[in-house]
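Q: Here is a sequence together with a model predicted from it:
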Amino acid sequence: MAVTRSINSRLTPLIDIAIIGGGVAGAYTAYRLMEADPDSSPALRHLLRLSTKNRLEVGLFEVNNRIGGRLWSYRFSDMPTLPVEIGGAGFAELQQNVHGLCTKELGLSFRPSSSYNKVYFHYLRGHRFNHDQYTPREDQKVSCYYPNIIPYFLREEEKWKDPDHLIQEVSLKKVEAKISEIIRRIVEVLERKNIDQALTEIRGLVHCLRLATVRDDSSASASRPIYEYGFWNLLADALSTEAYQLALHSSFTFSSFRSFNFYDLLLERLILFFHYMLNPRPWYELENGYQELPLTLIERFKNKGGSVYLQRQLYSLQLVEDNNEQFIALTLGAPGSPNRSILYTRYVVLALPQRALKLLDPNSFIFHNPGFRTDMNAVIPVPVSKLFLSYDSPWWETIGREEDKVPKERITGGYSTTDLPLRACYYIGAQKDGKALLLASFSDDIANQFWDGYRTTAHLDIHSLPSLESQNDEERLLASDRMIATAQQQLKELHKYDGIPKPRTAIYYNWMNDPFGGGWHYWRPYVRSWEVIPRIRQPLSNVNVFLCGEAYSAMQGWVEGALNTAEMVLETHFQLSRPSWVSSEYDFGP
């Protein structure tokens with residue numbers, strides 16, 4: 001149990017609600033609270049009476065000196081019109097909260113993504129082939145196709161399929177037949193563009209998946225719930241090693257094929273599949289960069305009277321009691337400074353990832369609940385990094401013009417994947433003056449370790465994070481000469497092109513840096529995430545401290561997951577009404 005201590009004097013300074021974390025979850029929470037009419041929420045109305053002020057005093061505290069968290073739209077000084085998405089990059093229509101928030105509520109300029117909507121080609125095991133060669137015409141199916149074209153030794157039943165479709169097929173064969181029937185219904189509804197009905201059907205699918213089982217081949221009679229399986233473990237039972245390697249290598253992430261929770265990964269894959277069923281090119285991006293979303297939310301929050309405090313790290317939380325009322329004492333200070341102060345508040349929202357929680361003083365009262373510690377460790381952070389190179393011109397647009405080059409189609413966007421440490425290469429585009437941007441490497445898992453080995457500085461921490469406001473950003477983000485040379489060599493091999501020019505600038509960022517601890521998170525096997533999510537929202541049932549963010553969501557790795565967990569905190573504990581920009585059939589999660 002948490003322990004309170006009594007004090008005699010009136011608490012100062014005191015605010016009504018403190019939001020810790022200036023990422024998209026914190027920014028969304030701040031915006032929704034200040035936009036809400038207190039008279040429409042019994043919880044806010046009661047809080048306003050306690051405060052005895054004309055309006056609620058809400059403060060947002062961010063450890064870094066920029067707003068955005070893992071949304072970071074950086075700009076090279078000589079390329080101001082091409083946002084460099086160091087963090088998250090896009091959203092889809094079925095992600096109802098972020099899509100509606102950007103396009104309806106905030107009216108931000110958006111467009112179909114040119115970089116994420118098309119897979120261009122693959123370079124695997126020294127072979128280069130177009131993505132559509134996974135599914136050739138009948139007259140192209142020759143006996144030497146595997147491994148001469150697709151360089152893997154597959155079983156007959158594994159051939160002639162896109163690896164993503166193959167993974168979905170074998171995954172669904174492992175679960176009950178009724179799951180496939182629900183999916184067929186959803187596809188039919190999406191083909192008719194009936195989004196509301198599709199959202200209703202998806203809720204039914206989620207319920208069935210939680211109850212679904214997989215036949216345990218090690219037992220003659222037993223079957224096990226799908227959440228007890230690791231995804232890699234299940235695929236190892238269903239696929240040849242070669243098919244698994246093909247799926248792993250051709251994907252833009254290693255981590256989505258590792259042994260994280262099968263329930264959550266299968267659900268994620270199915271939702272992605274539904275995105276493409278609704279729209280063959282489902283991904284959108286904000287024209288001014290994805291970071292515009294949290295920046296706009298915070299600007300409106302401040303215009304309504306909210307306060308923002310940058311470079312304020314939360315060190316600990318303690319309970320205090322004054323005049324028979326319970327308060328939370330927050331120890332805050334500039335990162336790395338010994339000078340710290342106490343702020344008292346009635347409510348706290350921790351919009352933080354797992355690593356930031358672990359950086360708190362272990363004597364903070366939220367850790368007095370052993371169940372919270374267990375839930376906090378129910379997810380695993382994924383190492384992720386990005387390496388961007390800028391050039392005088394988009395050289396990739398020239399390599400498809402010669403008939404003897406592969407691919408022959410001109411590259412004007414999209415991305416390619418490889419089993420080289422580059423992993424995924426995204427052709428971002430060019431400015432009017434010709435200067436061009438390439439996401440040369442989007443790497444996770446072991447590939448992330450490869451690139452981090454070329455970094456010339458020690459592990460960056462919260463005291464040295466670059467920001468949009470700092471003039472030293474490019475200097476601190478600059479990739480090392482060895483990293484650039486290695487990336488250039490791999491780009492030449494990937495594209496079979498020796499004419500790649502010297503880059504103008506190269507920047508590298510690893511999201512394992514504190515306080516992030518990873519690019520996104522995955523649930524561990526055996527965890528019933530739908531039970532942990534609502535439980536971890538309030539670490540102690542009798543204390544007004546709440547938790548939200550991507551890490552403990554049903555849509556990990558997406559802004560939508562961060563927003564939905566924040567929304568559930570707002571609706572469940574602050575009694576706010578459902579936002580107007582989402583369908584009434586949309587499910588924010590457990």
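A: Cool, got the structure.

Q: Break this protein into its domains for me.
A: 4-68+291-380+521-573, 73-117+384-510, 148-280 (automatic domain parsing).

Q: and those as TSV, adding mean pLDDT?
A: Formatted as TSV, the domains of the chain follow (pLDDT from 0 to 100):
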stretch	mean pLDDT
domain 4-68+291-380+521-573	94
domain 73-117+384-510	87
domain 148-280	92
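
Q: mind putting those in a markdown table, distance to Arg125 included?
A: For every residue, glycine as well, the C-beta is placed using N, CA and C. What follows is these, written out as a markdown table (distance: least, C-beta to C-beta, whole Å):
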| stretch | distance to Arg125 |
| --- | --- |
| domain 4-68+291-380+521-573 | 27 |
| domain 73-117+384-510 | 7 |
| domain 148-280 | 4 |
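
Q: Put together JSON lines for those, with distance to Gln133 and mean neighbour count on each row.
A: Below are those laid out as JSON lines (distance: least, C-beta to C-beta, whole Å; neighbours: other C-beta atoms under 10 Å):
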{"stretch": "domain 4-68+291-380+521-573", "distance to Gln133": "28", "mean neighbour count": "20"}
{"stretch": "domain 73-117+384-510", "distance to Gln133": "10", "mean neighbour count": "18"}
{"stretch": "domain 148-280", "distance to Gln133": "6", "mean neighbour count": "17"}
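
Q: which one is Tyr227 nearest to, not counting chain neighbours?
A: Nearest residue to Tyr227, sequence neighbours excluded (C-beta to C-beta, 6 or more residues apart in numbering): Tyr263, at 4.0 Å.

Q: Return the residues in contact with the one you found.
A: By C-beta atoms under 8 Å, 6 or more residues apart in numbering, the residues touching Tyr263 are Leu209, Arg210, Ala212, Pro225, Ile226, Tyr227, Tyr229, Trp523, Ser529.

Q: Quick check: the farthest pair among the residues you listed?
A: Ala212 and Trp523 (15.7 Å; C-beta to C-beta).

Q: Confirm that Lys161 sits in a helix.
A: No. With DSSP: H, G, I helix; E, B strand; the rest coil as the criterion, Lys161 is coil rather than part of a helix.

Q: Was I right to think it contacts Thr135?
A: Yes. Lys161 lies in contact with Thr135 (C-beta atoms under 8 Å); the separation is 6.9 Å.

Q: Who does Thr418 form a beta bridge with?
A: Thr418 has these beta-bridge partners by DSSP bridges: Tyr123.

Q: list the contacts for it?
A: Counted by C-beta under 8 Å, 6+ apart, Thr418 has contacts His122, Tyr123, Leu124, His249, Ala424, Cys425, Gln490, Leu494.

Q: Endpoint to endpoint, stretch 353-368 covers what distance?
A: By C-alpha to C-alpha, to the nearest Å, the extent of stretch 353-368 from end to end equals 19 Å.

Q: residues in contact with it?
A: By C-beta under 8 Å, 6+ apart, stretch 353-368 touches 1-3, 21, 63, 314-319, 331, 350, 372-373, 376-377, 379, 381, 462, 514-518, 521, 539-540, 543, 545, 547, 549-551.

Q: wait, doesn't Leu209 sit right on Leu267?
A: Yes. Assessed by C-beta under 8 Å, Leu209 is found in contact with Leu267 at 5.9 Å.

Q: I'd assumed Ala92 was in contact with Glu285.
A: No. Assessed by C-beta under 8 Å, Glu285 is found out of contact with Ala92, at 10.9 Å.

Q: which residues in the stretch 451-590 of the chain form helices?
A: Applying DSSP state H, counting those that start in this stretch to the stretch 451-590 of the chain gives helices spanning 473-477, 481-495, 529-536, 559-573.

Q: Please name every helix or strand in contact with the last one.
A: The criterion is 3 or more C-beta pairs under 8 Å, 6 or more residues apart in numbering; DSSP states H and E, and the helices and strands that helix 559-573 contacts are helix 24-35, helix 96-100, strand 340-351, helix 529-536, strand 545-548.

Q: Paired strands for the last one, with orientation please.
A: Applying DSSP bridges to the sheet, strand 545-548 is found paired with strand 340-351 (parallel).
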